[in-house]
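Engineer: fold the following for me, if possible:
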Amino acid sequence: MEDPAGRRVDYGQRHLVEADLAPTPLAQFERWYSEAVAAGAAVVPEPNAMTLSTVDAEGVSARTVLLKGVDARGFVLYTNLRSRKARGIGHDPRVSLVFGWFGVQRQVCVRGRAQEVPREETETYFASRPYGSRIGAWASEQSAPVDAATTLDERAAQLRERWPDTGSVADVPTPPHWGGFLVRAHEVEFWQGRTSRLHDRLVFTATGTGGDLDVAGDWSVGRRQP
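Structural biologist: Sure, this is the predicted structure:
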């Protein structure tokens, strides 16, 4: 393989200054998210992909998950509640999220605390998923060992027989072990790549234990060195 140390990209498409920052972290996130989407899939393949880091008794764990909602409360994701990530949140609700929009030379880093979303929100979202994804949520004992991929295929086939695709959102019920987490942020950092590694880092920090993302008075703004 090549020497990773020899690979360099010199950023410098944009400059992020305080005067250009939206008044709230929600407005700034929505602006950058929309621009990542507008850049196209060839540049930013999945704008809603984010790295979720958790910690449990064995240490830190990170994985890529998908953002399924964002509002004044925070950032929402869904998962199997028996998974490693869910167990980690149960051990310690402090988590971090990173959106790596490298095609537009940007990152958004979030620090906060995760809490389970109300069950009615989980059921509403689950009903909106494609039929195959709903079957998959039942078929997979997420994070548990499995002897072969065919085991999951066979389990999914059995579930499709149990709950045929009728075209109704009610054809596959929400698993009791499946749910969502809301990450209530206390810090949201907007990172813009610049030339010579002199990157811009503007950070919204909650003035209390956590703030509503759409309330400017709940946040202070500062710049950090790259």
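
Engineer: now for the longest strand along the chain, which elements pack on it?
Structural biologist: If you go by DSSP state E, the chain has its longest strand at strand 178-192. Strand 178-192 is packed against helix 25-38, strand 75-80, helix 84-91, strand 106-116, helix 119-128, strand 200-206, with contacts defined by 3 or more C-beta pairs under 8 Å, 6 or more residues apart in numbering; DSSP states H and E. Quick note: C-beta positions are derived from backbone N, CA and C, even for glycine.

Engineer: and the angle for the third one with strand 106-116?
Structural biologist: Orientation check (axes from the mean of the first three to the mean of the last three C-alpha atoms, to 10 degrees): helix 84-91 against strand 106-116 gives 60 degrees.

Engineer: name the helices or strands packed onto helix 84-91?
Structural biologist: Packed against helix 84-91, as judged by 3+ C-beta pairs under 8 Å, 6+ apart, are the following elements: strand 49-56, strand 59-66, strand 75-80, strand 178-192.

Engineer: next, the angle from the first one to strand 106-116.
Structural biologist: For strand 49-56 against strand 106-116, the angle by the same axes, to 10 degrees is 50 degrees.

Engineer: how close does the residue lying farthest from the centre of the chain sit to residue 79?
Structural biologist: The outermost residue of the chain, judged against the average C-alpha position, is residue 161 (32.6 Å), by C-alpha atoms, centre = their mean. Applying C-beta to C-beta, to the nearest Å, the value for residue 161 to residue 79 is 26 Å.
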